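Q: Below are the sequence and a predicted model for it; my questions follow.
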There are 2 protein chains.
Amino acid sequence: MSVYTPAEVVEETGFSLDTLRYYEKIGLLERVGRNAAGQRRFSEEDVGWLGMVRCLRDTGMPIATMLRFAELVRAGDHTIPDRIKLLEEHDQQVQAQIENLAERQRYIHHKISYYRSVG
Amino acid sequence: MSVYTPAEVVEETGFSLDTLRYYEKIGLLERVGRNAAGQRRFSEEDVGWLGMVRCLRDTGMPIATMLRFAELVRAGDHTIPDRIKLLEEHDQQVQAQIENLAERQRYIHHKISYYRSVG
DNA sequence: GTGCGACCTGGAGTGCACTCCAGGTCAACC
DNA sequence: GGTTGACCTGGAGTGCACTCCAGGTCGCAC
């Protein structure tokens, strides 16, 4: 099992070091392992989880909801139905976001066309 | 030319009264007309502009950028090419948002499939 | 053995976009 | 003429998600 230094995780995940510490502090990231000097050493699993966090965050899930999801993950396999439910609800919201953006985009296109016609 | 009371504009645009006042204060909404008692009376044009603001806001445009757009609109017809440019750039960003969301959504779908396969 | 760079901690500060509040005006209805 | 409700103002407060800072440790290169 390879481990990652903070700098490597910053590189791989795109989260800043401060953000990683913040996520650990609030419990979105479970207590990360340390070396003898007390420096963080992230596991493969930590990095994988951060990939999920990035996905959820970038689709607009609030931290409070991610925290609930994190707790389900930690609680064990019997929470898998709950996790599916949570992700499906989020998926609906993402779908709604996409549709909403597409509709707004049409409005922008119309506006641009209008400007072109009068400009 | 019909005018609208604050309550009507809240109803039509979905912005809160506080938000409307805030937008006027920062100059996103040009000085709104008043009746004899000093109460706001919004014009058709104000309401139309608020529709544009809603579109831009809901597609993630920062207020600072909306403010620049508002200034172009006020500056007159010779700024139409600049407005087109601004909207086209924003359109690109909206497109990127949509694509990004769609990709993240695929990840969520995979995760749900995975959970279904092990749950 | 000294400087440097990566890292540590707790806690304060930031930026955005509102949102709320206290205290007041005014017209209208009872 | 008293109460109600919609509205007014300036300014303070909120929530979210970070982001920054001071002061310190550690190991390695020079």
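A: Received the coordinates, thanks.
Q: From here on, just use CA atoms for contacts and neighbour counts.
A: Will do.
Q: okay, now the closest residue to DNA strand D within chain A: neighbour count?
A: Nearest residue of chain A to DNA strand D (Cα to the nearest atom of the strand) works out as A:Pro62 at 3.3 Å. Counted by other Cα atoms under 10 Å in any protein chain shown, the residues lying close to A:Pro62 total 11.
Q: How about the one 4 residues further on?
A: A:Met66 has 17 neighbouring residues, counting by other Cα under 10 Å.
Q: In contact with it, which residues are there?
A: Contact analysis of A:Met66 by Cα atoms under 8 Å, 6 or more residues apart in numbering or on different chains lists A:Leu28, A:Val53, A:Leu56.
Q: Now the residue nearest to the first one when sequence neighbours are not counted: which helix or strand?
A: Going back to what we said before, that points to A:Leu28. Nearest residue to A:Leu28 in three dimensions, chain neighbours excluded: A:Leu67, at 5.5 Å (Cα to Cα, 6 or more residues apart in numbering or on different chains). Using DSSP states H and E, A:Leu67 maps to helix A:63-75.
Q: Could you count how many residues lie near A:Glu12?
A: For A:Glu12, using other Cα under 10 Å, the count is 13.
Q: That one: what secondary structure?
A: helix (DSSP: H, G, I helix; E, B strand; the rest coil).
Q: which helices and strands does the helix or strand hosting A:Glu103 pack with?
A: According to DSSP H and E, A:Glu103 maps onto helix A:80-118. When contacts are defined as 3 or more Cα pairs under 8 Å, 6 or more residues apart in numbering or on different chains; DSSP states H and E, helix A:80-118 packs onto helix A:63-75, helix B:44-58, helix B:80-118.
Q: for DNA strand D, what are the nearby residues on chain A?
A: Contact residues (Cα under 7 Å from any atom of the strand) of chain A with DNA strand D: A:Ser16, A:Asp18, A:Thr19, A:Tyr22, A:Ala36, A:Ala37, A:Arg57, A:Met61, A:Pro62, A:Ile63, A:Ala64.
Q: Could you rerun that using 6 Å?
A: Counting by Cα under 6 Å from any atom of the strand, chain A comes close to DNA strand D at A:Ser16, A:Asp18, A:Thr19, A:Tyr22, A:Ala37, A:Pro62, A:Ile63, A:Ala64.
Q: are any of these buried, and which?
A: Taking 16 or more other Cα atoms under 10 Å in any protein chain shown as the criterion, nothing in the residues of chain A next to DNA strand D is buried.
Q: What strands line up against the helix or strand of chain A with the lowest mean pLDDT, and which way round?
A: Here the helix or strand of chain A ranked lowest by mean pLDDT, DSSP states H and E is strand A:3-4, holding a mean of 94. Note on strand A:3-4: by DSSP bridges, its sheet partners are strand A:42-43 (antiparallel).
Q: For the strand it pairs with, give the mean pLDDT please.
A: On average, the pLDDT along strand A:42-43 is 96.
Q: Is there contact, residue-wise, from it to DNA strand C?
A: No: figure legend: strand A:42-43 not in contact with DNA strand C (Cα under 6 Å from any atom of the strand); closest approach 9.1 Å.
Q: can you give me how far stretch A:103-118 is from the chain middle?
A: Taking the mean of its C-alpha atoms, stretch A:103-118 sits 33 Å from the chain's own mean (Cα atoms, centre = their mean, to the nearest Å).
Q: Same check on stretch A:40-59?
A: With Cα atoms, centre = their mean as the basis, stretch A:40-59 stands 7 Å off its chain's centre.
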